[in-house]
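Asks: Here is a sequence with its predicted model. Questions after.
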Amino acid sequence: MVDKLITKYSSLLESDSFIPTKARRASLTPLESLIGIILSQNSTDRNAWRALENLINYYGGRATAEKINNTDLRVLESLIKPAGLYRSKARAIKNLVSVLSEEELISLDVKELKEKLASVRGVGPKTIDVFLASIRGVPTFPIDTHIRRILYRLGVIDKKTEKYENIRSAVMSQIPPNKLLTTHYVLIIHGRSICRARNPRCPECPVEDLCEKRGISSRQIAPSPKTPNLKYCDGLR
Ligand code: SF4
């Protein structure tokens, strides 16, 4: 199933649609990338990037933990305003730089880094997983609202409210570690373009034949022709 989605969206995978991809191209530091990921919560990537640029430009081209620590909260809020939810995000960024050094973001082992990031108020499991997967290269699977919705529609999870960890485990048991990040990206692209929350464009969907909820836009839920499976068909087939 996932191989079909990767084929459909392969040309978009290296586009600037994702903050971590853009951050890598712009040679941002791990701290700047993580701030970008925080800014992208409940925001468009374009607005999150504008906010991140404001921040980096304000600091003369490099946002460091020390500079952010020394910045008044109100100033920080105004700089990141384009990302929305700027009050809570500014507090999360302040909390982050008070708990972790830039060096630790790179050098801590994964378990310790996860624990430390989880202790930062305003930094949730998705943000942690996006950072670990895209910046530290850890095989993990971040889940956002698009992915949760699509996995539910495809029948991979039984309910939309399934716990984050359960979804992550289910996907990680079926997708090879080196394809997890790509799978994360293609599902987001799919959710933004075709499997939208309202009126999904099922006739254009590359996995329509495998989907339990195809035709959901017309409120007719067709039976699934086979058991959905995210198994990735890596290799020649
Ligand atoms: S068939 Fe429709 S509901 Fe199912 S994954 Fe495709 S777009 Fe989404």
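Replies: Arrived safely, thanks for sending.

Asks: For the rest of this, base every contact and every neighbour count on C-alpha atoms.
Replies: Will do.

Asks: Could you give me the buried positions within stretch 108-117?
Replies: Neighbour counts over stretch 108-117 (16 or more other Cα atoms under 10 Å) mark Leu113, Lys114, Lys116, Leu117 as buried.

Asks: Listing request: residues of the protein with sub-threshold pLDDT.
Replies: Scanning the chain for pLDDT under 70 picks out 15, 217-237.

Asks: Export the helix or strand in which Leu187 is found to CSV, keeping only CA atoms.
Replies: Using DSSP states H and E, Leu187 maps to helix 180-193. Extracted in CSV, the C-alpha atoms of helix 180-193 (Å, rounded to 0.1, in the frame of the first residue of the first chain):
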residue,chain,number,x,y,z
LEU,A,180,9.5,5.2,8.1
LEU,A,181,10.3,8.9,7.5
THR,A,182,9.3,8.6,3.8
THR,A,183,6.0,7.0,4.9
HIS,A,184,5.4,9.8,7.3
TYR,A,185,5.9,12.4,4.5
VAL,A,186,3.8,10.7,1.9
LEU,A,187,0.9,10.2,4.3
ILE,A,188,1.0,13.9,5.1
ILE,A,189,1.1,14.8,1.4
HIS,A,190,-1.8,12.4,0.8
GLY,A,191,-3.8,14.0,3.6
ARG,A,192,-3.2,17.5,2.3
SER,A,193,-3.9,16.8,-1.3
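
Asks: Now do it: which elements does it pack against?
Replies: In terms of contact count using 3 or more Cα pairs under 8 Å, 6 or more residues apart in numbering; DSSP states H and E, helix 180-193 is assigned the packing partners helix 2-9, helix 145-154.

Asks: hang on, Arg87 packs against Ile93?
Replies: No - when contacts are counted by Cα atoms under 8 Å, Arg87 is not listed as touching Ile93 (10.1 Å).

Asks: Specify which member of the buried residues of stretch 108-117 is nearest to Cys211.
Replies: Of all those, Cys211 sits closest to Lys114, with 34.1 Å by Cα to Cα.

Asks: Give me the contact list for the helix or strand containing that closest one.
Replies: Using DSSP H and E, Lys114 sits in helix 110-118. Helix 110-118 is contacted from outside by Leu96, Val99, Leu100, Glu104, Leu105, Val123, Gly124, Pro125, Ile128, Leu132, Val138, using Cα atoms under 8 Å, 6 or more residues apart in numbering.

Asks: so of those, which ones are in helices?
Replies: Leu96, Val99, Glu104, Leu105, Pro125, Ile128, Leu132 (DSSP state H).

Asks: biggest separation within those, which pair?
Replies: Glu104 and Pro125 (18.2 Å).

Asks: Would you mind naming what in the protein lies close to the ligand?
Replies: Along the chain, the residues adjacent to the ligand under the rule Cα under 6 Å from any ligand atom are 150, 153-154, 194-195, 200-202, 205, 207-208, 211, 213-216.

Asks: picking that back up, so which of Arg87 and Ile93 has more stuff around it?
Replies: Using other Cα atoms under 10 Å as the criterion, Arg87 and Ile93 rank with Ile93 on top: 25 against 15.

Asks: Please look at that one and Ile35 and confirm they touch.
Replies: Yes - using Cα under 8 Å, Ile93 is in contact with Ile35, at 6.6 Å.

Asks: Show me the domain layout of the protein.
Replies: With domains defined by automatic domain parsing, the chain comprises 2-12+142-218, 19-134.
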